[in-house]
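Q: here is a sequence together with a model predicted from it:
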Protein chains: 2
Amino acid sequence: MFSKACEYGIRAAVYVALQSLDGRRVSVNEIAEEIDSPIAFTAKILQQLSRSKVIHSVKGPTGGFELDRTEMDTVKLSMIVHAIDGDDIYIGCGLGLKECNANQPCPLHDKFVDIRTDLKNMLENTSLYELATGLEVGLTYLKR
Amino acid sequence: MFSKACEYGIRAAVYVALQSLDGRRVSVNEIAEEIDSPIAFTAKILQQLSRSKVIHSVKGPTGGFELDRTEMDTVKLSMIVHAIDGDDIYIGCGLGLKECNANQPCPLHDKFVDIRTDLKNMLENTSLYELATGLEVGLTYLKR
DNA sequence: CAAATAAAGGACATTTTTATCCTATTTATT
DNA sequence: AATAAATAGGATAAAAATGTCCTTTATTTG
């Protein structure tokens, strides 16, 4: 569904949000350790997220990644997916046709649109804050 | 969503079904031409589908690929996806966690399950016959 | 100011996916 | 039996995704 990069990206962003709830800024090393992902690859992804304004980065000692409380509400999963995987999930045809649309639909078009609309809505309505608080109260997990 | 191989596989299978409605057996070359896919790669995918009993292959002159009318009803998209992409779409965690399940869910688990259930149902309830007839009456398209 | 810390970024390596090419096998037709 | 047409399958190539390593840049602290 999502690329590996995107999976790591979401997990990383949720972890950053979780720690930011406590006012903690976190390093790439800590993030990779806590979400069980390859360090250097995770660093690249965090760069992307930072450039896309999904999370905030600070260089130097005591630096790291963080999000302020308002951003956690504003940042939806859709922004992360878009920053890393682009908009394939939203606009692409399920069967890979270039010119598939409502006027010239592929055999799967209508059925696919339904599912994708649900996915899109879910991503656009799910904030990092929501996911981070679920983790905080021990309802969900990020490792393994 | 699906791999390129799977996209080609579905398009190829639907085209085979469409032609089989008219009792026509089709060659790899014709299929690749009609669904606008790379010939040799498409041949490999057709081999997979043939080995998985999704379509029927016949060697030699006048040979090619075909499906009988009953098979078109029996063969669902889920079988094609399973034959080519395996069951990642069904069982994998949205965030790539190995041990994600209802007891130890990732932050996205519940929301993901809903969407995936819909996708699964769609794939399991959509037959090649249904897709082929849509093409036949000119409601849908396979190229571009 | 020097040293240490942490992200940014470039270059490269590995793995997986996608794609091609060539030979072998099967089979219909003459 | 010979030929030709078609799929099967092995070997390889190319491209994309994933992953690693090392240097640069920014910034805090002593």
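A: All right, it came through fine.
Q: next, the buried residues of the helix or strand hosting A:Leu18.
A: Using DSSP states H and E, A:Leu18 sits in helix A:4-21. Buried residues in helix A:4-21, counted by 16 or more other C-beta atoms under 10 Å in any protein chain shown: A:5-21. Where C-beta positions appear, they are placed from N, C-alpha and C, glycine not excepted.
Q: now do the buried residues in the next helix or strand after it.
A: Using DSSP H and E, the helix or strand that follows helix A:4-21 towards the C-terminus is helix A:28-35. For helix A:28-35, the neighbour count (16+ other C-beta under 10 Å) marks A:Val28, A:Glu30, A:Ile31, A:Ala32, A:Glu34, A:Ile35 as buried.
Q: ditto for stretch A:45-59
A: By neighbour count with 16+ other C-beta under 10 Å, stretch A:45-59 contains the buried residues A:Ile45, A:Leu46, A:Leu49, A:Val54, A:Ile55, A:His56, A:Ser57.
Q: so is that stretch next to DNA strand C?
A: Yes: using C-beta under 7 Å from any atom of the strand, stretch A:45-59 reaches DNA strand C at A:Leu46, A:Gln47, A:Ser50, A:Arg51, A:Ser57, A:Val58, A:Lys59.
Q: can you tell me the helix or strand for the first one?
A: When elements are assigned from DSSP H and E, A:Leu46 belongs to helix A:39-51.
Q: off-centre distance for the lowest-mean-pLDDT helix or strand in chain A?
A: Lowest on mean pLDDT, DSSP states H and E among the helices and strands of chain A sits helix A:88-91, with a mean of 86. Distance of helix A:88-91 from its chain centroid, counting by C-alpha atoms, centre = their mean, to the nearest Å, is 15 Å.
Q: who's in contact with that helix?
A: Contacts to helix A:88-91, defined as C-beta atoms under 8 Å, 6 or more residues apart in numbering or on different chains, come from residues A:Met1, A:Phe2, A:Val81, A:Arg116, A:Leu119, A:Lys120, B:Met1.
Q: just the CA trace of that helix, in CSV.
A: C-alpha atoms of helix A:88-91 as CSV (Å, rounded to 0.1, in the frame of the first residue of the first chain):
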residue,chain,number,x,y,z
ASP,A,88,0.0,8.2,-6.7
ILE,A,89,-2.5,6.9,-4.2
TYR,A,90,-4.9,9.6,-4.9
ILE,A,91,-4.9,10.1,-8.6
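Q: ok, and for that helix, which residues are buried?
A: A:Ile89, A:Tyr90.
Q: try stretch A:93-110
A: By 16+ other C-beta under 10 Å, the buried positions in stretch A:93-110 come out as A:Cys93, A:Gly94, A:Leu95, A:Gly96, A:Leu97, A:Cys100, A:Pro105, A:Cys106, A:Pro107, A:Leu108, A:His109.
Q: could you find the closest non-adjacent residue to the third one?
A: Which is A:Leu95. Spatial nearest neighbour of A:Leu95, excluding adjacent residues (C-beta to C-beta, 6 or more residues apart in numbering or on different chains): A:Cys106 at 4.7 Å.
Q: picking that back up, what about the helix holding A:Leu46, near chain B?
A: No: using C-beta under 8 Å from any C-beta of the partner chain, helix A:39-51 never reaches chain B; the gap is at least 12.5 Å.
Q: tilt between that helix and helix A:28-35?
A: Per axes from the mean of the first three to the mean of the last three C-alpha atoms, to 10 degrees, the angle that helix A:39-51 makes with helix A:28-35 is 110 degrees.
Q: list of residues touching helix A:39-51?
A: With contacts defined as C-beta under 8 Å, 6+ apart, helix A:39-51 is touched by A:5, A:8-9, A:12-13, A:28-29, A:31-32, A:35, A:55-57, A:65, A:80, A:83-84.
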